[in-house]
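Undergrad: model this:
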Amino acid sequence: MKAPSCAAILRLDALGDSLLALPAVEALGRTWPQTRLVVVASPIGSPVFAGCAEVWVGTKDLAQRLRESGCEVVLSFSEKRPVLRAAARSGAPVRVGFDPGRTQPLKSLWLRAALTHRVPWPNDPTRDPGMHEVERFFLLLGALGLDQPHTPPHLRFAPGEEDRAWAREFLASFDSPPVAVQWMPRWTAGGWPETLIGEVVDRLEGPRIVLFSPPDQPQAEPWARQRGLAWSCTPALGRYAAILSGCRALITPDGGAAHMAAAVGTPVVDLFFQRHSTHTVRRWHPWGVEHRIVLRGDYIAGAEKDLAERLVASAEELCRSNSAS
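TA: As a prediction, the model looks like this:
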């Protein structure tokens, strides 16, 4: 289609989801260089898009803002009903999004009126279309008749020089780059005990650091201090990315941390659940960076020691591989 004067991408989701949308957003900007490109993002995801688009934060009065902006194209990367409703009411003549079809028949019926261009995508892990999330977003660009790359580009998030300088100073106390472990509540999903992350950290040899986000600080900081561990907690996404870029590897349950590590080129040991892992690993593994996948089931007594050993062994193997390359 002809390049519009204004186009909006709606991606009001978590950090990892925002990062995975970045290659498609950047590709749209390159394809339509004269178009005013707006990304509507969540507070945590908004810094991801700062270098490639005009960024709006939040859904307040979103439909009205889209109408007033004169956007001719709205692409809803988000599949949440409030975001899709804003797209439907935006007044844009071209509205693009995913359609779950028979897996959500009532929503699919509503989307026939809400969107002008619907990309089939079943909301059912047993009907996996076999794409990574990065590749999936390029389908929305394809619905506009735009060329799609054979292989989408890697994630790239570049911290600013001030953030990199801060991270260099922070990491200067280490004799060599540390292995990072992301502290997050997801370690205890599936009934796994809080001791699991401790088992992982205790088995790591050499420099190590525990990372956590501000919401987790009340629990994570005392835990790290009690063990005498180096730790970092920063609300600044650029600083977080800069620290990750200075680490040898990251060990984490699947989530935003894994995708940020991929975006700065740091190898990842990514922990997934066994259930539906053929689907989840293919769709959300770290994109474009060396990684190892470790699977777990629901917890059974004593299993944390074996899982910790597998995670650390994967990290050691990753570090050896990275050193040899």
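Undergrad: Tell me the pLDDT of residue 325.
TA: pLDDT, residue 325: 64.
Undergrad: Next: residue 132.
TA: Residue 132 is given a pLDDT of 96.
Undergrad: Tell me which other helices or strands the helix or strand containing residue 141 touches.
TA: Using DSSP states H and E, the element containing residue 141 is helix 133-142. Identification of packing neighbours for helix 133-142 by 3 or more CB pairs under 8 Å, 6 or more residues apart in numbering; DSSP states H and E yields helix 15-31, strand 94-99, strand 117-120, helix 277-284. (Glycine included, C-beta is placed from N, CA and C.)
Undergrad: Any idea which of the ones you listed gets closest to residue 128?
TA: Across the helices and strands packed on helix 133-142, residue 128 has its closest neighbour in helix 277-284 (4.3 Å, CB to CB).
Undergrad: give me the number of residues near residue 195?
TA: Neighbour count for residue 195, taken as other CB atoms under 10 Å: 14.
Undergrad: I'd say it and residue 303 touch.
TA: No - the pair residue 195 / residue 303 is not scored as a contact, 11.3 Å apart, by CB atoms under 8 Å.
Undergrad: would you put the C-alpha positions of stretch 48-62 in CSV?
TA: Extracted C-alpha coordinates of stretch 48-62, given in CSV (Å, rounded to 0.1, in the frame of the first residue of the first chain):
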residue,chain,number,x,y,z
VAL,A,48,12.3,0.2,23.9
PHE,A,49,10.9,2.3,21.1
ALA,A,50,12.4,5.7,21.9
GLY,A,51,14.9,5.6,19.1
CYS,A,52,12.7,4.6,16.3
ALA,A,53,9.3,6.2,16.7
GLU,A,54,7.2,8.8,18.5
VAL,A,55,6.1,7.1,21.7
TRP,A,56,2.9,7.5,23.6
VAL,A,57,2.5,5.9,27.0
GLY,A,58,-0.8,4.3,28.2
THR,A,59,-4.3,3.7,27.0
LYS,A,60,-6.0,6.8,28.5
ASP,A,61,-8.2,8.4,25.8
LEU,A,62,-6.4,6.3,23.3
